[in-house]
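Q: sequence and predicted structure, then a few things I'm wondering about:
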Amino acid sequence: MDYHIYQFEDEENEVLESVKRFDFLRGLPGGWLEYSPPRKVVGYGDGSLYTDQGKKYGKHWKQTSWSGSTPATQTTAVTNTGEIPPHFINTGILRGVRNALRHFGAEVDDTSGTGLWCNYYTRGGDIIAGHTDDENYYQRNYGKEPLFVSLTLFEDGKLGTEDVARFQIKVNGKWKEVKLGHLSLLVMSGGIEHRVMKYIGGKFRKRYNITFRTPVKREEDIIKNYRFFSNFGRYYRRTCVLYVPKKCFADDIGDSNLGDLIYDRNRNVCVRERGGKEYKMISDGSYYEKVLKGHSRFNDRLIVRLNLPVDRKELMEKIRKKYGENIKSPPVSTTSVSLLLMLED
């Protein structure tokens, strides 16, 4: 069975009213900056564990980080994590999600479904391109494939499958349309390619989609757990701190520690908060300039810091000593600064 659709019972539409309070944004920078998610998005989950009854416990990440852009791996974008909103947990939706997983035959524990990718389709042209969700930082179901649960909510709160979104999965090399009605819970393997097409015909209905995903457990691989929450942070949450190399400054700044600087994207300068000294940033059309401007779009007080002088090999030795010798070296998108921030969190 590749997928199955379950129905969540919610006569008062408490889940819908709860999701309407989420902090959705449009235009956040993606991995290549130019390709922002073509819809409104927000992400929730900080690594905490939850019982079926919604009790939160365990260690959590305060911040996560990733390279500022795919071609600019010498930069590091830091985002504040956001706990799953208590008003959302209190609706009982997490218990419903896990019950659907159990009925599907999945392995379920207090880690299951604790990472929320949230999408809000407000325009007929809002889409998600064809993709899979089977990265190695997703928990494998019985060691095989990762599973996720997709909750569909239409803003009008009407049940039925009329004028629903054009959600499609690829079966035997061909795209198949799957009708997802209001309050439907789709359980599916992350290895199945899927997409949302532009809306055509009928009456467009604004739609929320919340996908519940499961990270690799902290005790199994701390870096993969960190990468799980960092990955959706770079697409679904606004940047609060950006670490950059010296080449991002137009003038020679020497070897001094500049501390926290506030980036002014309109004037392309960084300003020392205390003392007011300004530092001109590069203006050469490079990816480093694009990283500065892209990550400041949703934060008028974006903090810019110089990269920290850290040795990646030494960092990995410390991480393995603290968390286990079986941890593999992560790809360059988890920068050396990211590893240091993870180790110190």
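A: Nice, thanks for sending it over.
Q: E219: how many residues sit nearby?
A: Using other CB atoms under 10 Å, E219 has 9 neighbouring residues. Where C-beta positions appear, they are placed from N, C-alpha and C, glycine not excepted.
Q: for the most centrally placed residue in the chain, what are its contacts?
A: Per CA atoms, centre = their mean, the C-alpha nearest to the average position across the chain is that of F232, at 1.2 Å. Under the criterion of CB atoms under 8 Å, 6 or more residues apart in numbering, the neighbours of F232 are 43, 45, 115, 117.
Q: using neighbour counts, trim those to the buried set.
A: Buried residues within those, counting neighbours by 16 or more other CB atoms under 10 Å: 43, 45, 115, 117.
Q: as a markdown table, those with distance to V97 would be great.
A: Listed next are the buried ones among the contacts of F232 as a markdown table, based on distance: CB to CB, whole Å:
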| residue | distance to V97 |
| --- | --- |
| G43 | 16 |
| G45 | 13 |
| G115 | 12 |
| W117 | 13 |
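Q: in these, find the pair that's most separated.
A: The most widely separated members of those, counting by CB to CB, are G45 and W117 (9.0 Å).
Q: just to revisit the earlier point, of the contacts of F232, closest to I223?
A: Within the set of those, G115 lies nearest I223; the separation is 15.6 Å, counting by CB to CB.
Q: what are the bridge partners for that closest one, then?
A: R213 (DSSP bridges).
Q: how much space separates it from K290?
A: From G115 across to K290, the span is 28 Å (CB to CB, to the nearest Å).
Q: can you check S189 too?
A: If you measure S189 against K290 using CB to CB, the figure is 35 Å.
Q: count the residues that sit near the nearest residue to I89 once chain neighbours are set aside.
A: With CB to CB, 6 or more residues apart in numbering as the measure, G54 is the residue that lies nearest to I89, at 4.1 Å, once sequence neighbours are left out. G54 sits with 16 neighbouring residues when counted by other CB under 10 Å.
Q: how about the secondary structure of G54?
A: coil (DSSP: H, G, I helix; E, B strand; the rest coil).
Q: any regions of the stretch 201-345 of the chain where pLDDT drops low?
A: Applying pLDDT under 70 to the stretch 201-345 of the chain picks out residues 275.
Q: hmm, back to that, you'd agree the residue nearest to the centre of the chain is in a helix?
A: Yes - secondary structure of F232, determined by three-state DSSP: located in a helix.
Q: the chain should start at 20 in everything you say after this.
A: OK, 20 is where the count begins now, so the last one is F251.
Q: got the contact list for the residue lying closest to R159 once chain neighbours are set aside?
A: Leaving out its chain neighbours, the residue that sits closest to R159 by CB to CB, 6+ apart is P165, at 5.9 Å. Counting by CB under 8 Å, 6+ apart, P165 touches 152-153, 157-159, 208-210, 232-233.
Q: inside strands: which ones of these?
A: Assigned to strands by DSSP state E, the following of the contacts of P165 qualify: 208, 232.
Q: now the contacts of P165 as a markdown table including neighbour count and distance to F123?
A: Putting those into a markdown table (neighbours: other CB atoms under 10 Å; distance: CB to CB, whole Å) gives the following:
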| residue | neighbour count | distance to F123 |
| --- | --- | --- |
| D152 | 18 | 16 |
| D153 | 16 | 16 |
| Y157 | 22 | 16 |
| Q158 | 23 | 15 |
| R159 | 15 | 15 |
| S208 | 20 | 10 |
| G209 | 21 | 13 |
| G210 | 14 | 15 |
| R232 | 24 | 15 |
| T233 | 25 | 13 |
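Q: which one of the contacts of P165 is nearest R246?
A: Of all these, Y157 has the smallest distance to R246: 10.1 Å, by CB to CB.
Q: helix/strand/coil for Y139?
A: Using three-state DSSP as the criterion, the local structure at Y139 reads strand.
Q: can I assume it is in contact with F43?
A: Yes - counting by CB atoms under 8 Å, Y139 sits close enough to F43 to count as a contact (4.6 Å).
Q: list residues touching both of those two?
A: What both Y139 and F43 touch, as defined by CB under 8 Å, 6+ apart, is the set 59-60.
Q: please say which of those two ends up with more neighbours.
A: Of the pair Y139 and F43, Y139 is the one with more neighbours under other CB under 10 Å, namely 22 against 17.
Q: how close does that one get to P56?
A: Plainly put, Y139 is 10 Å away from P56 if you go by CB to CB.
Q: now swap in G66 and tell me
A: Remark: distance between G66 and P56 (CB to CB) = 22 Å.
Q: for the two, indicate the residue with more neighbours.
A: When G66 and P56 are compared on other CB under 10 Å, the one with more neighbours turns out to be G66, at 24 against 20.
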